[in-house]
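Student: Sequence and predicted model, in that order:
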Amino acid sequence: MSIESAPHEQDIALAIIGGTGLYKLADLQDVVTHQPVTSYGVPSGPVRIGTFANRRVAFLARHGEGHSVPPHKVNYRANLAALKAIGATRVLALNTVGGITESFGPRVLACPDQLIDYTWGRISTLCEEPGTEVLHVDFGDPYTPCFRGEILAAAARANVAVVDGGCYGATQGPRLETRAEIARMRRDGCDLVGMTGMPEAGLARELGLDYACLAIVANWAAGAGPDPDEQITLQDVLANVEAASAGLGPLLSSLLAAG
């Protein structure tokens with residue numbers, strides 16, 4: 001199915017892109033599955049559209065529903081183009097990240113307001129192909145401020161603790177970072193480290209989508225935290241993601257109830 005022939009869901013209230021550990025939206029009801037093909041290729045997986053809190057919501061797993069797509073191979077352009085094609089205007093990115101600074105420890109939910117791009121070699125613009133329009137979008141505030149405000153207000157109404165602000169540093173992956181790299185990122189002003197924040201945010205801006213991030217802190221980054229020598233196990237990471245994600249349902253319900 002191409003984006004030109006994709007069903008256009010006029011009433012999509014929100015599109016959600018799930019990151020590591022978040023491969024489905026558990027409370028999504030009456031789900032219809034779309035398998036789009038866009039002019040940028042095939043997205044990471046199917047787009048699931050259903051009802052959540054009495055509103056139409058679309059969900060897409062960034063790495064595929066079986067986590068088969070590494071961060072540097074994600075077709076970010078196809079993912080976002082597919083969501084726009086079915087009528088989404090607001091995209092909430094869920095990103096599993098590491099914490100660097102004191103307020104961003106494991107099990108924290110954060111809504112960052114800035115980012116730094118350390119990635120390389122990824123197609124990062126809609127202007128890649130010859131003959132396409134050259135876009136110079138304003139990216140001073142990489143996350144849509146009004147949408148961020150709605151998310152933070154929704155969290156407050158739902159009594160879900162969310163850290164307001166912070167800088168997300170996007171690294172290449174799929175390997176984790178060295179202690180020296182995290183130390184540099186701290187000096188640069190990064191509070192969080194992840195592998196998928198860019199080019200996703202920049203492409204959303206080029207496509208005219210409102211875009212914001214909820215970062216789910218799974219662990220301290222290398223050398224960070226109260227015990228720089230602490231060894232983090234996979235079980236710890238999964239437990240932290242599950243604990244931090246517990247507030248997502250109430251937060252999303254509050255966000256959707258507000259319009």
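Tutor: Noted; the coordinates are in hand.

Student: all contacts plus neighbour counts: C-alpha atoms, from now on.
Tutor: Will do.

Student: Need phi/psi at the residue of the chain most remote from its centre.
Tutor: Ranked by distance from the centre of the chain (Cα atoms, centre = their mean), the top residue is G131, with 29.8 Å. The phi and psi values for G131, taken as degrees, to the nearest 10, are phi 90, psi -10.

Student: what pLDDT does it get?
Tutor: In the predicted model, G131 carries a pLDDT score of 85.

Student: now do D11
Tutor: According to the model, D11 carries a pLDDT of 85.

Student: measure L28 to I123 for me?
Tutor: Using Cα to Cα, to the nearest Å, one gets 31 Å for the distance from L28 to I123.

Student: cool, and D164?
Tutor: Distance, D164 to I123, by Cα to Cα: 30 Å.

Student: Which residue of the two possesses the greater neighbour count?
Tutor: Applying other Cα atoms under 10 Å to D164 and I123 shows that I123 carries more neighbours, namely 17 against 14.

Student: Now do the strands in this protein.
Tutor: Under the criterion DSSP state E, the chain carries strands at the ranges 12-18, 29-34, 47-52, 55-61, 90-99, 109-111, 114-117, 163-164, 167-170, 192-194, 210-220.

Student: ok, the residue lying closest to R90 once chain neighbours are set aside - contacts?
Tutor: Distances taken as Cα to Cα, 6 or more residues apart in numbering put D210 closest to R90, at 4.6 Å, once the chain neighbours are dropped. Listed by Cα atoms under 8 Å, 6 or more residues apart in numbering, the contact set of D210 reads T89, R90, V91, Y143, T144, F147, A204.

Student: which one among those residues gets closest to Q235?
Tutor: Ranking the contacts of D210 by separation from Q235, with Cα to Cα as the measure, puts V91 on top at 29.5 Å.

Student: how much space between that closest one and G105?
Tutor: In this structure, V91 and G105 are separated by 25 Å, where distance is defined by Cα to Cα.

Student: Next: Q35.
Tutor: Between Q35 and G105 the distance, using Cα to Cα, works out to 37 Å.

Student: more crowded one of those two?
Tutor: Under the criterion of other Cα under 10 Å, the comparison of Q35 against G105 puts G105 first, with 23 against 16.

Student: my guess is the more buried one contacts V163, does it?
Tutor: No - the pair formed by G105 and V163 falls short of the contact definition of Cα atoms under 8 Å, at 10.7 Å.

Student: Mind telling me which residue is nearest the centre of this structure?
Tutor: Among the residues of the chain, A93 comes closest to the average C-alpha position under Cα atoms, centre = their mean, at 2.5 Å.

Student: Now do the same contact list for it.
Tutor: Contacts here follow Cα under 8 Å, 6+ apart; on that basis A93 touches I16, I17, G18, G19, Y211, A212, C213, L214.

Student: what's the most distant pair in those residues?
Tutor: Of all pairs drawn from the contacts of A93, the one with the longest distance (Cα to Cα) is G19 and Y211, at 14.9 Å.

Student: tell me the mean pLDDT for stretch 98-116?
Tutor: Taken as a whole, stretch 98-116 carries a mean pLDDT of 97.

Student: Just the buried positions in it, please.
Tutor: Buried residues in stretch 98-116, counted by 16 or more other Cα atoms under 10 Å: 98-101, 104-116.

Student: How about stretch 238-258?
Tutor: By 16+ other Cα under 10 Å, the buried positions in stretch 238-258 come out as 240-245, 247-256.

Student: Ends of that stretch, what's the gap?
Tutor: As for stretch 238-258, its first-to-last residue distance stands at 31 Å under the measure Cα to Cα.

Student: Can you give the contact residues for that stretch?
Tutor: Surrounding stretch 238-258, the residues in contact under the criterion Cα under 8 Å, 6+ apart are 13-14, 21, 27, 52-53, 55, 96, 106-109, 150-151, 153-155, 157-158, 160, 216-219.

Student: Need the buried ones from these selected in ChimeraX.
Tutor: ChimeraX command restricting the contacts of stretch 238-258 to the buried ones, with burial defined by 16+ other Cα under 10 Å:
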select :13,14,21,52,53,55,96,106,107,108,109,150,151,153,154,155,158,160,216,217,218,219
